[in-house]
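Engineer: My questions concern the predicted model and sequence given below.
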There are 2 protein chains.
Amino acid sequence: MSSREEVGGSMEPSRDLIGLSSEPLSIERVYSSAVSPSCGAVALFIGTTREHFEGRRVIRLEYEAYEPMVKSELSAVCRDIRSRWPMVKHICIQHRLGLVPVAEASVAIAISSPHRCEAQEAVGYCINALKASAPIWKKEVYESEESKWKENPECGWSGNS
Amino acid sequence: MSSREEVGGSMEPSRDLIGLSSEPLSIERVYSSAVSPSCGAVALFIGTTREHFEGRRVIRLEYEAYEPMVKSELSAVCRDIRSRWPMVKHICIQHRLGLVPVAEASVAIAISSPHRCEAQEAVGYCINALKASAPIWKKEVYESEESKWKENPECGWSGNS
């Protein structure tokens, strides 16, 4: 067995798990989907609804997505991660749709790798790539029940780009 | 209310939670300890037992710590993080002691901040600082039941330093 096979855990195939759900995200489940006996590291990023945006009180966010396109865009992000960080083992990306109250998770990403640097770099890249490429829109609902659909300013799908 | 107070969530005091335990770590609990309504981001890092080290099959790790010193060293790491990333909200660092089987977590870190960059940078800094400063030792137990106490090569407490 080569050293590469040993550290990469050739016995267990790598997984890309991409999901959209209107149910609350389980961080434990996202973590468990990424952990691997061949890896010493799992890095995670969780995006949550923040109660303020530009000085206005937000009471919830509402997410909508063009689902078939989200999955193909995020599959492309996974392929890109694997070409940049070949030691990455499992990638799990879950995004919630519909209403997401304050302090609840809208997106959860977990990535495992034998050593910590690759997993941490890949997660940072993944959330930036998701924001830039996935056709997901959010509506901010303010205290007054007034609301505003937001295009992600980083997103290539934005009408501003 | 100033803009800084709005985004920093002045109503909820910031928390540093540091723990050592011989029980399995709950990633959901570590995450929940860090999440905040004033924050849009939680970054996590989880270190797990890897089944191989330098070509040898590892069946478990055993961790020992000099507990009073771990807590003061990790409190200093938290203070350091707060001076470098003042927007960081909550910091949770949990380390497991005793036997940690393959694929189980030995260390879990979660840090929240209003925006994602600070949380991600702070978690990367935190795990490096923990490895460099905390008096925690691990014994690798190999398939043959042979074992070896390891000093962390990054650690300032190491006899090699």
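Structural biologist: Okay, I see it.

Engineer: Thought A:S75 was touching A:D16, still the case?
Structural biologist: Yes: applying C-beta atoms under 8 Å as the test, A:D16 and A:S75 come out as touching, 6.7 Å apart. Where C-beta positions appear, they are placed from N, C-alpha and C, glycine not excepted.

Engineer: who's more crowded, those two?
Structural biologist: The residue with more neighbours, out of A:D16 and A:S75, is A:D16; 16 against 13, by other C-beta atoms under 10 Å in any protein chain shown.

Engineer: Residues of chain A that sit close to chain B?
Structural biologist: With C-beta under 8 Å from any C-beta of the partner chain as the criterion, chain A comes near chain B at residues A:3, A:6-7, A:9, A:26-28, A:31, A:35-52, A:55, A:102-103, A:105, A:112, A:114, A:116, A:119-120, A:123-124, A:127.

Engineer: now, which of those lie within strands?
Structural biologist: Of the positions in the residues of chain A next to chain B, A:41-48, A:52, A:105, A:112 sit in strands, assigned by DSSP state E.

Engineer: follow-up on the earlier one: give me the common contacts of A:D16 and A:S75.
Structural biologist: Overlap of the contact sets of A:D16 and A:S75 (by C-beta atoms under 8 Å, 6 or more residues apart in numbering or on different chains) is empty.

Engineer: Please point out which parts of stretch A:68-81 sit buried.
Structural biologist: Neighbour-count burial for stretch A:68-81, counted by 16 or more other C-beta atoms under 10 Å in any protein chain shown, picks out A:70-71, A:73-74, A:77-78, A:81.

Engineer: and those residues as a markdown table, adding secondary structure?
Structural biologist: Conversion of those to a markdown table gives the following (DSSP: H, G, I helix; E, B strand; the rest coil):
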| residue | secondary structure |
| --- | --- |
| A:V70 | helix |
| A:K71 | helix |
| A:E73 | helix |
| A:L74 | helix |
| A:V77 | helix |
| A:C78 | helix |
| A:I81 | helix |
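
Engineer: And these, which is closest to A:E145?
Structural biologist: A:V70 (28.0 Å; C-beta to C-beta).
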